[in-house]
Each structure stands twice: as structure tokens, then as C-alpha cells.
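# Requesting a structural model of the entry that follows:
(2 chains)
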Protein chains: 2
Amino acid sequence: MRSIVNQCADAKAALSALAALNAAEKNAILAAMADAIDRDQDSILGANQQDVQQGQSEGLSVALIDRLTLTPGRVKGMSDGLRAIVALRDPVGEIVDGWVQPNGLSLRKVRVPLGVIGIIYEARPNVTVDAAGLCLKTGNAVVLRGSSSTYRSNRAIVDVLQSAIPAHLPKGMIQLLDDTSRAGVLEFVKLKQYLNLVIPRGGASLIQTVVDNATVPSIETGIGNCHIFVDRSANLDWAESIIINAKVQRPSVCNSCESVLVHSEIAANFMPRLANAMRQHHVEIRGCERTCQLVPDAKPAQAADWDTEFLDLIVAVKVVDSIDAAIGHIAVHGTLHSEAIVSNDHESITKFTTMVDAAAVLVNASTRFVDGGEFGFGAEMGISTQKLHARGPMGLPELTTVKYIVQGQGLTR
Amino acid sequence: MRSIVNQCADAKAALSALAALNAAEKNAILAAMADAIDRDQDSILGANQQDVQQGQSEGLSVALIDRLTLTPGRVKGMSDGLRAIVALRDPVGEIVDGWVQPNGLSLRKVRVPLGVIGIIYEARPNVTVDAAGLCLKTGNAVVLRGSSSTYRSNRAIVDVLQSAIPAHLPKGMIQLLDDTSRAGVLEFVKLKQYLNLVIPRGGASLIQTVVDNATVPSIETGIGNCHIFVDRSANLDWAESIIINAKVQRPSVCNSCESVLVHSEIAANFMPRLANAMRQHHVEIRGCERTCQLVPDAKPAQAADWDTEFLDLIVAVKVVDSIDAAIGHIAVHGTLHSEAIVSNDHESITKFTTMVDAAAVLVNASTRFVDGGEFGFGAEMGISTQKLHARGPMGLPELTTVKYIVQGQGLTR
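Residues are numbered from 1 along each chain as shown, chains lettered A, B, ... in the order given. Below is the predicted model of the structure:
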């Protein structure tokens, strides 16, 4: 087993070779990787079968087994994902800004790779391919720390990806950590001399562990206690379809809706039809006192429900007396992810979009749209719920930094 | 003495009032603050005199006493600084990007304040005014943690600034921590529920303490072991004037030059004239073996000299056999701040600007230009030497984040 520090050092050593690659060269490697995955599908599926068997023998939940299981279709999804990354524009080298100072000093602000990016993720093996592809496209080396339950699958995938790297280039540009211990995470997130960024992708406790212990700069992703506020001026057809879509289309993801706030002036009218739609979709309502009066079969909400990311067919529903009360509730219980208003009142919409602090504030649209693909980014490295560097869906530009190139003609101060 | 947590909570509580201010309202407060400083100059100078006396009785160094001493001219510099901030364009509300997806989903990426910004800084009281002004301009609340040796001066300044905040607005938007203990720093940088960003401005040990202990996202600033590489194609007049300017114009700052790398093909020709110019400016040369052969009065460099930010009239000088050797030396010893090449060879310049990893790479210009004022930003919150969020001089936009405002017409996935 190689040590974490050695693997990270190998990744850093690959940076100068990566910096010398142009977009066409990087795309050729990505395409070769996609072909290699298609060709070596059996080795990946075979390794995955061992992970699945071990997971079953260790009693992992059905949901977890489903997330780590690969099928020929899912493996094809991986190679297609790499080909989609080939088609994206390479942000490296983009001149973000440029100007000349009065003294003749000429400045260009240019996009460059971040360096070595560490990703810590849980069961899904497709993250291995996505993260490796996005990092290679942007000229970054990547160190992947997958979970121990998918180590064989991830190892098979990374072996296939590395087989497609031309012989004259360092295979270290893509590293899968051999050490998948919990203690290893704590060591990993402190390797500031090798890592330029660490991204935790997973549950709240993983993210908390990284934030509490990292000295490497990190980006928090993916906790979403997303609200939808139905204003008194709302088109109630829109409100119903947006809430149902945001709750039931894919309840297990971070941009699904967890809490609904209903303006008291329309609550008597809207609540019964909302409850009816929820019943049809088998969604459990946990309501405030006024909600429970209007919806007799609703469960009374407990205090913790307003702060819970259910990731399930459960929704918390509260009646509020004003838009200010809605904004106040979101300020206390929101997670800076995605917050929506359904309204036809211009003043309310302006107030909500101005005062609500979140990566994305939606007007008359489902929170499910807050996603790299839906935003048109083509690929996504997670959704940032913090404010530094990247906010919301992170595409290729968010995996880069800038460098100033400053030119003079023998210029001094 | 108020507790750190209470002061930070007060700052956070001021955010919604700040968010509601437009640029004209913020500028009016900044102008009133500038006038208040001019009017109450005596109270500030009086408090400062007490700090100076205490510093002298405690035996602080002459340099430190100089840094914390205020004069009528320096106080006028503070109010002028605020008026300069009034004149800058407010980045809040700027639409950074915007587009419509094929399904009609309309997206705007808008600049918004970061929230509560913590600044930890050492002796200079002018940072109190600069930081407060830049944060107010960008709609952020600020929590200032100055050093205990300037507490009275900082308190007097903040009292004056707060006196200019209109009665209907929370004075908590500008906070000076009462607790200036070392233990307090460790508590401060972990208050993630209140602080959105912490910026350490000071020496290497302060920055290390913050990086090692912060759970609040932080931006490292201001360590600069800056190199100038004199290529074999260099205009030697330019090389000499750029090196002397970068070394002697203000040796104590982070963008001054600490190491010079000279191409071996021109070393015999250039080194004697460089040494002569250094002698005239009383700069001590610490040279590699080959440098010492060409400059008999140079001191032999010790290994540590290649990694030392001298901040003094001392320079390390090394002969290198190629541009690759220069780039390799900088990769090992550089601090990602500012690195310069003096050259007339297009291929060398392209290689250097591409391969050197730094916030700013300069061509035929002094490293001293890497500065918010010289870049035309009008004001500066420090120079970031990390890669996330902000790189190089940080102006007003670097004190903001973005928010996506996403609109549909009842749109669902």
C-alpha cells in the first residue's frame, strides 16, 4: 500500500507535464480513456461484483448497494460522460480581463489550473470517472479518495484510465488513494504542501469532518434544506406543480425541496389541494399547527423538522403571515443552497431575491434546476454551498484559478 | 469586555440592514466617516499617544513604534482613503453573467456581499479604517481584531467611525474586538456560524496560526519570496534598474525582490555592474559559489537564504545555467506571490509566464508593481498568495461573492 503523502507528492510532480498540454492533447487523452472504459468494461464490472458481494456480506443497506452497483449501462454512462467533457470548451488560457495602466504597464488576468485537487467521496464509482475527467480537462492533477466499500471498482476504473495516459506523461496525474481509512482522511486534508483544494462530496458528517480538520482550502458541497415560499399572489397551478416536482422527482438529492412556506392569505385555499397532490405522490406532510388544522391527516412537525434534509418523501409545511416571515424563516433554517418563491408580485419577488442568502434563488421555477447540467455547464463537480471561490453548481471554470501576467518595457516605480 | 462571540453575532445581525443599502447610501456613510475622522482627529491622536507611551515603556522596537504611531498627516491619510473608496464603483449588484437556457429558464449571476468578514492584523492603525471602509462599500459587516498594542488607537478610530453611522442603522456593522488575547484569535477563526471569511494580515506566524486553526474560510496574504530572473537575452540596463527598484524602493514589503537568478552566459558581464549598483544602495549580496567568484565582497549564501523573505537590504543571488533551472529554482523556493523575468527572447518569456506558478508573473517590470493601487484597483485588502477565490491584489470585487437568480414561468423538470 502506497502512503497518502507519496501519492499526493506524485500528483504534484505531474503538474508541470500537465501545464504543458494544450486542449487538443488533453482531449485526445480523455477520448482514449473513454475508449479504454468501453474496451475494458468487463474488468470494471468484475471488480465491482466483488465490491457488491462484500457489501452484501457486510450487510450494507439496499440503497447503498444500489449506489455502488455498476451495470453495463452505468459503465457506458461513464465513457459517455468523458466524451461529453471532451466537447466542452477548455477554460485554461482564457483571458478573463486585461488592461493597460497609464504608465504603460500591461496586465492580463489569465485562467490557469488550480494544481492538485483532492476529492473525498462516498459510494458512487461514477464520481471516479467524472472527477478525473473534469480535472484532466482543466489541467489539474487529481487525488481521489473513494470509500473502502468501492475500492476494487475504483481501482479497476483508475487502472483503465491510467492505461490511456501516453507513456511519456506521468500516470501520477490521476491518483486513487490506497489508504481508505478514516484516519487517512484526517491526514489527507492537512497535506497543504501538495494539495491546492479539497472537495468533500457526501453526507453532512463527511463535510463536517473535512471543514473541522482541513488546512488545505476546501469547498463545501451539497447540503440542501431547500424551501419553496408560496406568496399570496402565486399562480397556484404553478405552485403545486413546482412543489411536487421539487419534492418527488428525485427526493434523494440536495436540490430537492424539504420545506414549504405558505402565505396565510391563501393557505385555506391552497393547502387542501397541496395535501391532495402530496397524498397522490405518497409524500408525508409534517405541518405547523395551522397546517394541521387545514390538513387533518398531516403529522405535527417537531422543531427538528425545520432543519432536516429529509432526502425522502417527507415535507415540512408551515403557514407564514408575510414575505418577511418567510425570509426570516429561511435565514434561520436555510443552508445557503437553493430557495424558491412562487409569486406574481414584482415587489415581493425583488425583496425575496435580494434578501434571501443562497447560492441560487429561484422565481417560479423548481429548485431541481440548480444543477450544472440544467444550468448548461455540461458537467458538474458538485454544488458549492459556501461563498468563497465558487457558489452553486461548479463547472470547469470553478476548477481553475487566475494568474496575472504583467508586462513593461524596463518599467520601475 | 464584550465576548468575541457576542460581537460577531452583532455583526451578523447587521447584515440585513446592510443588504438594503444602495451605493449612494453607503457612500454617504463613508463620506460622513471621513468627515468625522477629520473632526475628531484629536481624540484619535490622544488615544494613539497612550499606545505609543505604553509601547515605549514595554520596550517595543523602534520599527514597531514607528508603525503604530499616528501623526496629523497619517490621520488625514485615513480620511482621504475613505474618500477614495467613495469614488470607486460599487461591485454589488453587478451582473457578472446571464443567459437563457433552451427551456426558457433565465439565469443571472449577480455580485452580492460575502457577509461578515473578520480581519486579523498587526500594529498599523490605518488598516482599521481601510478594512472598515472597503467592507462597508461592499455591503459586508466587518469584525476587526487589531493587536493589543494599538487597542486604544483602534478603539478611538472605531468609535469615530460608528458615530457617523445613522441612528436607524446597526452600529454592529463595524466591530472592533475587545478581546485581543492570543487565545481569542483561536476562538475567532472557528466562529463559522457568524463569519464568512477571515483574512490574516501580518507576519508568517500569524498567517500560519490562522491557516492551522481556522474552520472559517480564510485567505492567506502577503508572504513574498519574489525572484527576478535575468535571462541571457536581457537588456542589462533594464535588468539593473528593475532589480534595484524591486530591492531598494521599499524593502520591507511583500512585493520587494529577495532573490536574483542570473543566466550563466551573461553572469560575467552583468554580475560586476549589479554588485556595483547594490553597493551604492548598501545592499548586502548573499551569493552562490559562482556569484562569489564574480563578486569578491559577496557573502556566501547559506541554504536558508534561498527561502528567506529578508524584508531588508539583503539579496540572495544565484547563477543558473538555463531558463529551466531558473523555473525549477522558483518552483522550489517561490511563495506563489510575484516572479519576474527580464528577457528579450519571446520563447523564454512565453515559457516563463506559462510555467511559473505565482499570483503575478512579470516581464521586464519590477515586482513592486504587484499592488492594488498600481493595478488600478484604487484600494486593496491585501495580496492573496493562495489560489482559491482571490489571487494577487484584492480589490472590491474580491470582497464579494455571487448569487444565481433563476427565473421560470412555472417551470419544472
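# where do the strands sit along the stretch 101-250 of chain A?
A:106-113, A:116-121, A:141-145, A:174-176, A:197-201, A:226-230 (DSSP state E, counting those that start in this stretch).
# could I get the ones you listed as JSON lines with mean neighbour count?
All C-beta atoms are positioned from the backbone trio N, CA, C, and that covers glycine. As requested, these are exported to JSON lines (neighbours: other Cβ atoms under 10 Å in any protein chain shown):
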{"stretch": "strand A:106-113", "mean neighbour count": "20"}
{"stretch": "strand A:116-121", "mean neighbour count": "26"}
{"stretch": "strand A:141-145", "mean neighbour count": "26"}
{"stretch": "strand A:174-176", "mean neighbour count": "25"}
{"stretch": "strand A:197-201", "mean neighbour count": "24"}
{"stretch": "strand A:226-230", "mean neighbour count": "28"}
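# for the ones you listed, which one sits closest to A:L15?
Proximity to A:L15 (Cβ to Cβ) singles out strand A:141-145 among the strands of the stretch 101-250 of chain A, at 5.7 Å.
# Tally up the residues packed near the residue in the stretch 251-400 of chain A that chain B sits nearest to, please.
For the stretch 251-400 of chain A and chain B, the shortest gap (Cβ to the nearest Cβ) falls at A:A365, measuring 3.1 Å. For A:A365, the tally of surrounding residues (other Cβ atoms under 10 Å in any protein chain shown) stands at 29.
# before we move on, what about A:D297?
For A:D297, using other Cβ under 10 Å, the count is 11.
# got the phi/psi numbers for it?
phi -90, psi 10 (degrees, to the nearest 10).
# what's near enough to touch it?
Counting by Cβ atoms under 8 Å, 6 or more residues apart in numbering or on different chains, A:D297 makes contact with A:275, A:279, A:285.
# Could you find the closest non-adjacent residue to the residue of the stretch 251-400 of chain A closest to chain B?
B:G408 (3.1 Å; Cβ to Cβ, 6 or more residues apart in numbering or on different chains).
# So what angle separates the directions of the strand or helix carrying that neighbour and strand B:197-201?
Assignment of secondary structure by DSSP states H and E places B:G408 within strand B:400-411. Here the directions of strand B:400-411 and strand B:197-201 differ by 160 degrees (axes from the mean of the first three to the mean of the last three Cα atoms, to 10 degrees).
# What residues of strand B:400-411 count as buried?
Residues of strand B:400-411 classed as buried: B:400-408, B:410-411 (neighbour count, 16 or more other Cβ atoms under 10 Å in any protein chain shown).
# now the residues you listed in JSON lines, with pLDDT and distance to A:S218?
Shown next, in JSON lines, are the buried residues of strand B:400-411 (pLDDT from 0 to 100; distance: Cβ to Cβ, whole Å):
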{"residue": "B:T400", "pLDDT": "97", "distance to A:S218": "20"}
{"residue": "B:T401", "pLDDT": "97", "distance to A:S218": "16"}
{"residue": "B:V402", "pLDDT": "97", "distance to A:S218": "19"}
{"residue": "B:K403", "pLDDT": "97", "distance to A:S218": "21"}
{"residue": "B:Y404", "pLDDT": "98", "distance to A:S218": "21"}
{"residue": "B:I405", "pLDDT": "98", "distance to A:S218": "26"}
{"residue": "B:V406", "pLDDT": "98", "distance to A:S218": "26"}
{"residue": "B:Q407", "pLDDT": "98", "distance to A:S218": "31"}
{"residue": "B:G408", "pLDDT": "97", "distance to A:S218": "32"}
{"residue": "B:G410", "pLDDT": "96", "distance to A:S218": "37"}
{"residue": "B:L411", "pLDDT": "96", "distance to A:S218": "33"}
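# Out of these, give me the two with the largest separation.
B:T400 and B:G410 (31.5 Å).
# Just the buried ones from the contacts of A:D297?
Using 16+ other Cβ under 10 Å, the buried ones in the contacts of A:D297 are A:275, A:285.
# Please export the C-alpha coordinates of stretch A:297-304 as CSV.
Backbone C-alpha positions of stretch A:297-304 (Å, rounded to 0.1, in the frame of the first residue of the first chain) are rendered in CSV as follows:
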residue,chain,number,x,y,z
ASP,A,297,-54.0,13.9,8.2
ALA,A,298,-50.8,15.9,8.4
LYS,A,299,-48.3,14.9,11.2
PRO,A,300,-47.5,17.7,13.6
ALA,A,301,-44.0,19.0,12.8
GLN,A,302,-41.3,18.7,15.5
ALA,A,303,-38.8,21.5,15.9
ALA,A,304,-36.1,19.5,14.3
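# I'd like the distance from it to the chain centre, please.
Offset of stretch A:297-304 from its chain centre (Cα atoms, centre = their mean, to the nearest Å): 30 Å.
# and if you look at stretch A:49-62?
Taking mean C-alpha positions (Cα atoms, centre = their mean), stretch A:49-62 and its chain are 26 Å apart.
# Averaged pLDDT, it. What do you get?
Stretch A:49-62 shows a mean pLDDT of 94.
# List the buried residues for it?
In stretch A:49-62, counting by 16+ other Cβ under 10 Å, buried: A:51-52, A:54-55, A:60.
# Good, wrapping up.
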